[in-house]
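1. Below is the structure, and that's it, no one-letter string:
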Ligand SMILES: [Zn+2]
């Protein structure tokens, strides 16, 4: 919603807000679940168990189409091919793709219009923007077809876990559906065309969690979906007060939009008894990978090419920044885009689930999820430090400078000096002794404007992090 509409919405009575949410739901339902979606979902179901050669042929065909489209209709790529002296028709395999230079986020930030196809008229475009940290927001443009692909891969994964279209679910995303000034429940609104209850992330204060717990205790939600930090926070609360979900336990929990940290996963799995499956994607629609029932991520080769710009490599795997080329969005195609995400790609292994699409061992986070030590070492997955600390409700590591770490803690029952000693021991084992560590106790931890949580926050520059 635009700001003025949001202000108007917030002053409507709650039942009328419900109607507005449902009307918006119809609109987005048509965009998401219209004709492209049905066709795409059928296509994705048909190719799910294809062998590796067939998948690769199909992927390279989609790649050729995307490259020609970009070279013909998008000013940025037209200039790039001319400047580099590359004939776009010479790019026909994954190997050929490597001739093309990376697309930097800075280019998208400063010249978004140059990345748009001249062939998509404004009336057919859906404008959007990322609401990342200040100064890093990107303007983006999608086609309806792109949304169809996005929801196509989302539903591909849900089907793997026995979920059907129309099943009612609880969602924990960044939507502003409940006014900030509202202090009593309900802190959720129902989007009935989408069959989803949208829970506000902006009202999840310690004193309000009891209301969320009682709504989730109604046995009506077949699955939960959303940010792992928010579902993790509720799960932590349910565990702490000893609530058993019983009949209300979801059949599966799907996380996305943030790195799924082990301590969130463990808490969610423990309280729900359900499989937790993550999706790796981005707002640029340039990448998609889904965690399968065997717990591995498979790259959606119908949606993108995923390459790794290596930081580390062995015969078995390669870890580094994800470089992606997306096929879904013809309005704003991303070719060899530096995503700022870090992942570990397996080179040979196959998955016990029987799917042959390339395997990602894990999503390691974003560049800014790393701590850089004064010696220049890069340390990821700092969340492991908090793995066995039940007395910590939430935690965030902040690196204000190269020689300093601040550990922000929301303490729970049993938190004391010995907890900090244990944490320091765990931290030292990773970051060494050259860096100062201090603790800050907080009542809650900040979210970004879109409700996302950062387990690691860094004030270091992009150059220092890369
Ligand atoms: Zn698998």
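-> Received the coordinates, thanks. Please read all numbers here as calculations on a predicted model, not as lab measurements.
2. what does the stretch 251-400 of the chain put close to the ion?
-> 292, 294, 296, 351, 353, 355 (C-beta under 5 Å from the ion). Placement of C-beta: from N, CA and C, glycine included.
3. need those in a markdown table with secondary structure, can you?
-> Listed next are those as a markdown table, based on DSSP: H, G, I helix; E, B strand; the rest coil:
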| residue | secondary structure |
| --- | --- |
| 292 | coil |
| 294 | coil |
| 296 | coil |
| 351 | coil |
| 353 | coil |
| 355 | coil |
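4. and those residues, which are buried?
-> 292, 296, 351, 355 (16 or more other C-beta atoms under 10 Å).
5. Now for the third one: which residues touch it?
-> Residue 351 makes contact with 292, 294, 296, 298, 359, according to C-beta atoms under 8 Å, 6 or more residues apart in numbering.
6. Sketch out the low-pLDDT regions of the protein for me.
-> Residues of the chain meeting the criterion pLDDT under 70: 1-2, 131-136.
7. Give me the phi and psi for the residue of it most remote from its centre.
-> In terms of distance from the mean C-alpha position of the chain, residue 85 ranks first, at 35.8 Å (C-alpha atoms, centre = their mean). Backbone torsions for residue 85, taken as degrees, to the nearest 10, come to phi 70, psi 30.
8. any idea which of the contacts of residue 351 is closest to the ion?
-> residue 292 (3.3 Å; C-beta to the ion).
9. residues touching the nearest residue to the closest one once chain neighbours are set aside, list them.
-> Closest residue to residue 292 apart from its sequence neighbours, by C-beta to C-beta, 6 or more residues apart in numbering: residue 353 at 4.5 Å. The neighbours of residue 353, taking C-beta under 8 Å, 6+ apart as the test, are 292-294, 296.
10. repeat that with 10 Å
-> Shown in contact with residue 353 (C-beta atoms under 10 Å, 6 or more residues apart in numbering): 49, 160, 292-296, 298.
11. for residue 69, same thing?
-> Residues in contact with residue 69 (C-beta under 10 Å, 6+ apart) are 77, 88, 117, 119, 327, 330, 333.
12. Hmm, residue 419 is touching residue 393, no?
-> No - the pair residue 419 / residue 393 is not scored as a contact, 11.8 Å apart, by C-beta atoms under 10 Å.
13. Now the common contact residues for those two.
-> With C-beta under 10 Å, 6+ apart as the test, residue 419 and residue 393 both reach 409, 411-412.
14. Can you check those residues and name whichever has the most neighbours?
-> residue 409 (22 neighbours; other C-beta atoms under 10 Å).
15. That one pairs with what?
-> Note on residue 409: beta-bridge partners by DSSP bridges are residue 395, residue 441.
16. Go ahead and confirm it touches residue 423.
-> Yes - using C-beta under 10 Å, residue 409 is in contact with residue 423, at 8.2 Å.
17. shared neighbours of the two, which are they?
-> Jointly contacting residue 409 and residue 423 under the rule C-beta under 10 Å, 6+ apart are 386, 389, 392, 395, 439.
18. hang on, the earlier thing: out of the buried ones among the residues of the stretch 251-400 of the chain next to the ion, which two sit at the greatest distance?
-> 296 and 355 (8.9 Å; C-beta to C-beta).
19. Report whether stretch 47-58 contacts the ion.
-> No - judged by C-beta under 5 Å from the ion, stretch 47-58 stays clear of the ion, getting no closer than 10.6 Å.
20. Please, where are all the helices along the stretch 151-300 of the chain?
-> For the stretch 151-300 of the chain, the helices defined by DSSP state H, counting those that start in this stretch cover 209-216, 228-241, 262-272.
21. one step back: pull up the overlap in contacts between residue 296 and residue 355.
-> residue 290.
22. so where's the longest helix in the chain?
-> Looking across the chain with DSSP state H, the single longest helix is helix 52-73.
23. buried residues in it?
-> 55-56, 59-60, 62-64, 66-67, 69-71, 73.
24. again, but for stretch 203-217
-> For stretch 203-217, using 16+ other C-beta under 10 Å, the buried residues are 203-204, 209, 211-212, 215-217.
25. okay but residue 54 is in contact with residue 48, surely?
-> No - between residue 54 and residue 48 there is no contact under C-beta under 10 Å: 11.5 Å.
26. Which neighbours do these two have in common?
-> Each of residue 356 lies in contact with both residue 54 and residue 48 under the rule C-beta under 10 Å, 6+ apart.
27. what does the domain assignment say about this protein?
-> Using automatic domain parsing, the domain parsing of the chain gives 1-32+162-274, 49-140+287-364, 370-465.
28. Can you give the distance from stretch 412-422 to the centre of its chain?
-> Averaging C-alpha positions (C-alpha atoms, centre = their mean, to the nearest Å) puts stretch 412-422 31 Å from its chain's average.
29. Endpoint to endpoint, that stretch covers what distance?
-> For stretch 412-422, the first-to-last residue distance is 15 Å (C-alpha to C-alpha, to the nearest Å).
30. cool, and stretch 172-181?
-> Length of stretch 172-181, first residue to last, C-alpha to C-alpha: 19 Å.
31. Would you indicate which residues of it are buried?
-> Buried residues in stretch 172-181 (16+ other C-beta under 10 Å): 172-179.
32. Stretch 148-168 too?
-> Buried residues in stretch 148-168, defined by neighbour count with 16+ other C-beta under 10 Å: 148-158, 160-161, 163.
33. And the strand or helix carrying residue 16, how far out from the chain middle?
-> According to DSSP states H and E, residue 16 maps onto helix 14-33. Between the centre of helix 14-33 and the centre of its chain there are 23 Å (C-alpha atoms, centre = their mean).
34. Perfect, I'm done here.
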